[in-house]
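Visitor: next comes the sequence, and after it the predicted model I'd like to discuss.
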Amino acid sequence: MEFLKRLIGAIAVFVGCIVCVRAASDKYYGTLEKELGKIGKVSFIGGDSEKEALSGLSGKEQVKNISGQEFAFGKTINVSKRSKIYWQNDRRLINKKPVKKGDTLLVVFWAKGTKAPQFVDDGAGAVIQPYIHSRVGKFHKGRVTNFYRSRELSENWQKFYVKSDPVKMDFAPGDLSIRFMIGHKAQKINIGGIAWVAFPKGIDKHKLPKPNWNYEGHDPNAPWRLEAARRIKKYRMGNMNIEVVDSKGRAVPDATVKVVMKRHAFRFGTAVAVPAFTGKPNWMHMSSKDVDKYRELSAKYFNSITIENALKWHLYDNGRKPESAYAWNDTKECLKYYTDRNIYTRGHVLVWPSFFRTPKRLQAKLKADKKVLKETVNAHITEKMEKFKGLIKDWDVTNETAANRSYMDKLGPMGLVSWYKTAHRVDPEVKLTFNEIKFGPGGMELGSFPQKLLSKKCHGWVDYLIQNNAHLDYLGSQCHGGRVTANFNGKTGPEALWDYYDYLMKRYKKRLQYTEVDVNVSDPDDSEQVSYQADKLRDTIIIAFAHPGFDAITQWGFWAGRHYAPNAALWSKNWKLRPHGKAFINLVYKRWWTNSIKKTGKDGKCTVNGFFGDYEISVKGTRKEFRLSPENNIIRIVLK
């Protein structure tokens, strides 16, 4: 037995020496092993060397030597044109070693890139979207890390990280993959220095490498902030000219005039979940206090709401059952609650043009018959709009056409035009919005638009709608992750975004709105991430509010207890206001809020400079409501 122990020990030492030799022969991995070893035991699960990992990346691209960098090898990937479904164009690296429950995963990689010339510029550079995916179990529905976080690349090499929380199950070799989605646009991407590491259970996650949470224009003294303040004063404020007279029409001098703001004219909105509003079904585990709080805060801090899921066709279809979480009467009750409080209401969505988004009972029938598809979709639009007529002021007619195009493949592009015409015919008073993941070629101009119809005059879906006389009021961008910078007309940062929004308005002559804003982070306990989250949400709102083309900003949820990305919610599960929630409230209800007390002059007049919106004006017991706007800025108060 003693001999066997010594033999095993000798083998262990020998294997350890091999590992040391391998690390030493691969300078990059050796450096990483030394750096990351301070966190915990390092296991390279995607390959034992830099070259092995990069060679294991799917695709036909050849591994090339890279000089002048920390790493030694890279690949060049050319995307000749935007993919119809961008996430189907990717490069993958599988785990070659097992991962145990409780392990924390970290992927390190370097990338740079340039986008190809396009009809129009969306203000963004080359993009890569990495995430860790599971092919087994129900672990995060296949997404081990955040699927939505894209990295915008520059023409210089940058270092990136993808981190996971401790995994909740064991994974055999081949069960996991790091996926680099690249089909967003025509672009050239260079990727190198890939290392996939697993740390054992119990490490301190705060010691993991941290990305650079800075962004262009982040500095509190950045010049764009003064320009934003100037624009906001010009486009969002005006003088309220008040005249106070007695019952005989004579001027009342030296009267105290109290001006109290009640509501912004600009719409600061949120998505509202009908099941959270009603507190059913039971699986939500919402208390009556939660329901009351949900209703109270949504009506107090937002002057616009969007129905989050209940009006999506596959869930709306279930609403015919009274016991459903999305029952039609519950949706009506929810809409009526906000309408009664003079809160603007939005519907999402009339057509999400994919069979995948269609009720299962209809999928086979609609796939089989073009005529049935056309008639059924238009009948669905008509039924849904008539059912909620008077309760919804703005509909997202279509959603994510860049990635959802199976209806148009069968019906042709005029099918999409017919949906807008049907919606306008059913209710001419309702505003209609083209809703996309983002402004730009990712859907608004190019996206899934048929290549054969592209021309200098027709850049894509919005052009096509306008040229075929489809009624359209708003260009809507979801803006998940926020947006604070662009690369447009030789500019970068917020100034480039303003130029880009000017271009959109000049070309399409439509108003703009952000429809689904949120800024998510992986760790709400990390002070750096939380600070970044608050700053980026704040700056996204400031930049849009400072542009005259915007009418609204809607955040996609507000409470972690009912949010698709709980860390992005303004309030935690126990209703604690988070730092980015405070940033939002400080902007909208403090910095951009007008309360004033003035004295009238000898002529009975005074002037208050305020934000456009609703006010209550009080003078000597007389109260009057007033809506300040560019067209309405004079009010005469007659004392009793």
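Guide: Nice, I can see it. Numbers count the residues shown, from 1 in each chain.

Visitor: Phe626 and Ile635 touch, don't they?
Guide: Yes: counting by C-beta atoms under 8 Å, Ile635 is a contact partner of Phe626 at 5.0 Å. Placement of C-beta: from N, CA and C, glycine included.

Visitor: now do the strands in the stretch 1-150 of the chain.
Guide: 43-44, 64-65, 73-79, 90-94, 104-115, 127-134 (DSSP state E, counting those that start in this stretch).

Visitor: pull the residues that contact the last one.
Guide: With C-beta atoms under 8 Å, 6 or more residues apart in numbering as the test, strand 127-134 has contacts from 87, 105, 107, 109, 111, 113, 115, 140, 142-147, 149-153, 160, 162, 164, 171, 175-182, 184-185, 187, 189, 191.

Visitor: Ala402 contacts Phe439, correct?
Guide: No: assessed by C-beta under 8 Å, Ala402 is found out of contact with Phe439, at 11.4 Å.

Visitor: picking that back up, restricted to buried residues, select the contacts of strand 127-134 in PyMOL.
Guide: Selecting only the buried entries of the contacts of strand 127-134 in PyMOL, with 16 or more other C-beta atoms under 10 Å as the criterion:
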select buried, resi 105+107+109+111+113+115+140+144+145+146+147+150+151+152+153+160+162+164+171+175+176+177+178+179+180+181+182+184+185+187+189+191
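
Visitor: and for Phe626 and Ile635, which residues touch both?
Guide: Common neighbours of Phe626 and Ile635 (C-beta under 8 Å, 6+ apart) are Met240, Ile617.

Visitor: still on that earlier bit, between the strands of the stretch 1-150 of the chain, which one is nearest to Asn586?
Guide: Closest approach to Asn586 among the strands of the stretch 1-150 of the chain (C-beta to C-beta): strand 127-134, 31.7 Å.

Visitor: if I take the closest one and strand 73-79, what angle do their directions form?
Guide: Orientation check (axes from the mean of the first three to the mean of the last three C-alpha atoms, to 10 degrees): strand 127-134 against strand 73-79 gives 110 degrees.

Visitor: got the buried residues for strand 127-134?
Guide: For strand 127-134, by 16+ other C-beta under 10 Å, it's Val127, Ile128, Gln129, Pro130, Tyr131, Ile132, His133, Ser134.

Visitor: can I get the strands of the stretch 1-150 of the chain in TSV with mean pLDDT and distance to His547?
Guide: What follows is the strands of the stretch 1-150 of the chain, written out as TSV (pLDDT from 0 to 100; distance: least, C-beta to C-beta, whole Å):
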stretch	mean pLDDT	distance to His547
strand 43-44	96	47
strand 64-65	96	43
strand 73-79	96	31
strand 90-94	96	34
strand 104-115	94	24
strand 127-134	92	23
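
Visitor: all helices for the stretch 251-400 of the chain, in order.
Guide: 274-278, 288-301, 313-316, 328-339, 360-368, 370-387 (DSSP state H, counting those that start in this stretch).

Visitor: give me the residue at the spatial middle of this structure.
Guide: His480 (0.9 Å; C-alpha atoms, centre = their mean).

Visitor: residues contacting stretch 220-232, please?
Guide: So stretch 220-232 is contacted by Gly217, Gly493, Pro494, Glu495, Trp498, Ile542, Ile543, Phe545, Ala546, His547, Pro548, Trp592 (C-beta under 8 Å, 6+ apart).

Visitor: circling back to that earlier point, wait, what's in contact with the residue nearest to the centre of the chain?
Guide: Here His480 is in contact with Tyr148, Ile437, Glu516, Val517, Asp518, Asn520, Trp556 (C-beta under 8 Å, 6+ apart).

Visitor: what's the farthest-apart pair in these?
Guide: Spanning the widest gap among the contacts of His480 are Ile437 and Asn520, at 14.8 Å by C-beta to C-beta.

Visitor: point out where this protein drops to low pLDDT.
Guide: Low-confidence segments of the chain (pLDDT under 70): 1-25, 118-123, 138-142, 148, 282-284, 440-447.

Visitor: could I get the contacts of His480 as CSV with secondary structure?
Guide: As requested, those are exported to CSV (DSSP: H, G, I helix; E, B strand; the rest coil):
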residue, secondary structure
Tyr148, coil
Ile437, coil
Glu516, strand
Val517, strand
Asp518, strand
Asn520, coil
Trp556, coil
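
Visitor: for ChimeraX, write the select line for the buried members of those.
Guide: To isolate the buried members of the contacts of His480 in ChimeraX, using 16+ other C-beta under 10 Å:
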select :437,516,517,518,520,556
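
Visitor: would you list the buried residues of strand 127-134 in TSV and tack on distance to Trp313?
Guide: Formatted as TSV, these follow (distance: C-beta to C-beta, whole Å):
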residue	distance to Trp313
Val127	30
Ile128	32
Gln129	27
Pro130	31
Tyr131	27
Ile132	31
His133	27
Ser134	29
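
Visitor: out of the residues you listed, who's nearest Lys576?
Guide: Tyr131 (28.6 Å).

Visitor: the closest one and Phe180: what is the separation?
Guide: Computed with C-beta to C-beta, to the nearest Å, the distance linking Tyr131 and Phe180 is 9 Å.

Visitor: then Leu537?
Guide: 27 Å.

Visitor: what about the nearest residue to Lys620 once chain neighbours are set aside, how many residues nearby?
Guide: Excluding the flanking residues, the one nearest Lys620 by C-beta to C-beta, 6 or more residues apart in numbering is Leu639, at 5.7 Å. For Leu639, the count of nearby residues is 15 (other C-beta atoms under 10 Å).

Visitor: list phi and psi for Leu639.
Guide: phi -70, psi 150 (degrees, to the nearest 10).

Visitor: ditto for Tyr500
Guide: According to degrees, to the nearest 10, Tyr500 has phi -70, psi -40.
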